[in-house]
Structures are given as C-alpha cells and as structure tokens.
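**Student:** I'd like to go over a predicted model; first the sequence, then the structure.
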Amino acid sequence: MMKIISLIATGAITLGTVLSMGAAIAPAAASASPGNFAGYRADDIDTGIIENSITANWVEPKAIHHGYHDAYAAFLVGFTDLNGTPGGFEPSMPQIGTEVNSIGGIPRYYAWSSPPPGPNCGQNCGQHAFRNSVRPGDHMSASAVVRRSSSSGDHYTLKLTDVRYRRHRPPLRWTRTVHRNIQGDEAEGITVGMTPVPTDTGVITRLADFSPMHFNKVKLNGYVLGSFANVGHCNYVMIPHLLAKTSSLGSSGDRFSVTWKRSR
C-alpha cells in the first residue's frame with residue numbers, strides 16, 4: 001500500500017499516533033538526521049497510520065543573487081519513496097510546488113509538478129513546469145491527495161493555487177490540477193519543505209538564497225501536523241555546512257519556517 005509524503009525535509013522521520021480530538025498539540029521531536037532537504041516528513045511504517053493527504057500554504061519568497069553563480073531552490077508538498085532518495089524532489093513520486101532560482105544573477109520563478117512516470121523519466125527526470133506566472137509575494141496553496149485502490153492502483157490528485165494580491169485591483173488567481181495513477185507499493189511517506197534541485201546528471205546544484213520561507217496551514221489527513229506525536233524536522237546539510245535550517249512547529253502546530261544559511 002502506498003504511503004503519502006509530507007513536507008519537504010531531509011532524513012528519516014517517524015509519525016506517531018494521532019492525538020485524540022481536543023488533546024493538546026504534541027511538541028515536535030528533535031531534529032532528524034540531516035539530508036538533502038529542509039522541512040518535515042512523516043511515514044506510516046512504524047506507526048500504522050496511513051497518510052492520505054498533505055496540504056500547506058506559503059508566500060513565494062524572493063531570490064537573492066550572489067554574483068552570477070546559478071543557484072536553485074524548490075518548495076513542495078507531496079509523497080516520497082522512503083526506499084529511494086529521501087525527502088527532496090523525486091520525479092517518480094507525486095509532488096507539486098514552486099521553484100526560486102538565480103540564473104546568471106537574474107531571479108527566476110515558476111511552478112511545477114513531478115512528471116508522470118514513463119520509459120524516459122528516471123530518477124534524474126526534471127520537473128514539469130507550468131506556463132502560469134509566479135512572482136515573489138504570491139500566496140501559494142498546495143495539496144497532494146491519494147485515493148487508494150487495490151485493483152486499479154492508487155490515484156493521486158496534486159493541486160496548486162496562486163493568488164496575487166494587487167493594490168486597488170482585483171487579485172489574480174490561477175489553479176493547476178494534476179492527476180496521476182501509480183500501481184504498486186512505492187509511495188511510503190509525505191513531505192513538505194525546501195529541497196535543492198538536482199541537475200539532469202543528478203548533481204546537486206548551489207542552493208539559491210531566498211528570503212525566510214514560512215509554511216502555514218500544514219495539515220496531514222486534515223489535521224494540523226502538530227496533532228501527531230513524534231513528528232520531527234530536518235535541516236539541509238552538505239557536510240560540513242548547514243545550508244538551510246528548519247524551525248520547530250509553532251504553538252498552533254501547523255506552521256514552520258525554513259531559513260537559508262549558505263549556498264554550498
């Protein structure tokens with residue numbers, strides 16, 4: 001049975017049992033092992049909890065260039081394969097989000113989803129970019145939901161909405177919805193957070209400098225993430241340096257931040 005990814009992060013994180021309705025928010029566990037993303041991840045391997053949906057909102061951050069070095073950073077929600085590359089962008093898994101890059105000193109922004117699986121799309125396959133415009137300050141809402149079926153495979157629905165507020169004018173809004181069917185037992189967790197972007201050869205790129213990133217309304221199976229015990233966070237570390245730091249969950253249990261530290 002597939003298991004859903006949560007907020008982007010690095011390292012293995014286990015998800016505890018759901019607290020009873022009305023119970024206090026459980027404190028987040030200590031930081032998990034560092035890896036190739038920053039954020040939160042959960043799985044049902046040890047807990048028996050089946051993750052069926054992950055949702056999160058954020059405001060698109062601004063890219064800050066440092067000279068003319070190309071640098072990249074992606075923000076996402078989705079599912080992950082705990083037996084594969086943990087935490088970050090996984091083209092074979094249902095994921096959706098945005099990207100903040102600095103290319104030759106010029107900031108660039110776009111939205112994307114992981115492409116459908118196929119013979120020409122392996123672990124190093126790039127994202128499928130949307131044509132819709134993305135700018136710093138846009139309000140993003142992302143969700144990944146699965147409907148499970150033992151006969152026809154699991155059906156995933158990925159959704160991303162962008163709302164751009166404008167002074168004295170109506171807001172601009174667009175929504176993209178992506179459907180994917182996957183047969184087998186591959187997706188084993190959920191992820192939400194920030195990840196570096198691999199090249200076509202799988203080499204990790206420089207991490208783009210982005211203004212502090214705040215995730216909010218983070219919910220797993222419709223409950224705030226802090227409603228689950230033993231949920232931990234991960235920092236993005238490329239030994240020996242800390243590249244991006246993840247905060248603990250706020251008192252409401254549904255928000256955290258990721259802060260850029262250095263590019264590599």
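**Tutor:** Received, thanks. Numbering: from 1, shown residues only.

**Student:** elements contacting the helix or strand harbouring residue 97?
**Tutor:** Following DSSP states H and E, one finds residue 97 within strand 95-103. Secondary-structure packing of strand 95-103 (3 or more Cβ pairs under 8 Å, 6 or more residues apart in numbering; DSSP states H and E): strand 63-64, strand 71-80, strand 106-113, strand 139-147, strand 154-166. For the C-beta atoms, the positions are set from N, CA and C on the backbone; glycine is no exception.

**Student:** what pairs with it, parallel or antiparallel?
**Tutor:** strand 71-80 (antiparallel), strand 106-113 (antiparallel) (DSSP bridges).

**Student:** so which of these is the most packed in?
**Tutor:** Comparing these by mean neighbour count (mean count of other Cβ atoms under 10 Å), strand 71-80 ranks first with a mean of 28.

**Student:** what angle do that one and strand 154-166 make?
**Tutor:** Relative orientation of strand 71-80 versus strand 154-166 (axes from the mean of the first three to the mean of the last three Cα atoms, to 10 degrees): 140 degrees.

**Student:** quick revisit: okay if I get the helices and strands packed on strand 95-103 as CSV plus distance to residue 244?
**Tutor:** Output for these, formatted as CSV (distance: least, Cβ to Cβ, whole Å):
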stretch, distance to residue 244
strand 63-64, 14
strand 71-80, 8
strand 106-113, 18
strand 139-147, 18
strand 154-166, 22
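
**Student:** quick one: which of these is nearest residue 191?
**Tutor:** Checking the helices and strands packed on strand 95-103 against residue 191 by Cβ to Cβ gives strand 71-80 as the closest, at 4.8 Å.

**Student:** so how far is that closest one off the chain centroid?
**Tutor:** 4 Å (Cα atoms, centre = their mean, to the nearest Å).

**Student:** what's the distance between the residue lying farthest from the centre of the chain and residue 135?
**Tutor:** What lies farthest from the middle of the chain is residue 168; by Cα atoms, centre = their mean that is 32.8 Å. Here the criterion is Cβ to Cβ, to the nearest Å. By it, residue 168 lies 18 Å from residue 135.

**Student:** do the same with residue 150
**Tutor:** According to Cβ to Cβ, residue 150 stands 43 Å off from residue 135.

**Student:** point out where the stretch 51-200 of the chain drops to low pLDDT.
**Tutor:** The stretch 51-200 of the chain contains residues with pLDDT under 70 at 82-88, 117-125, 184-188, 198-200.

**Student:** circling back to that earlier point, residue 150 and residue 135: which has the busier surroundings?
**Tutor:** residue 135 (12 against 7; other Cβ atoms under 10 Å).

**Student:** right, and that one touches residue 163 too?
**Tutor:** No. Judged on Cβ atoms under 8 Å, residue 135 makes no contact with residue 163 at a distance of 11.3 Å.

**Student:** sounds good, over and out.
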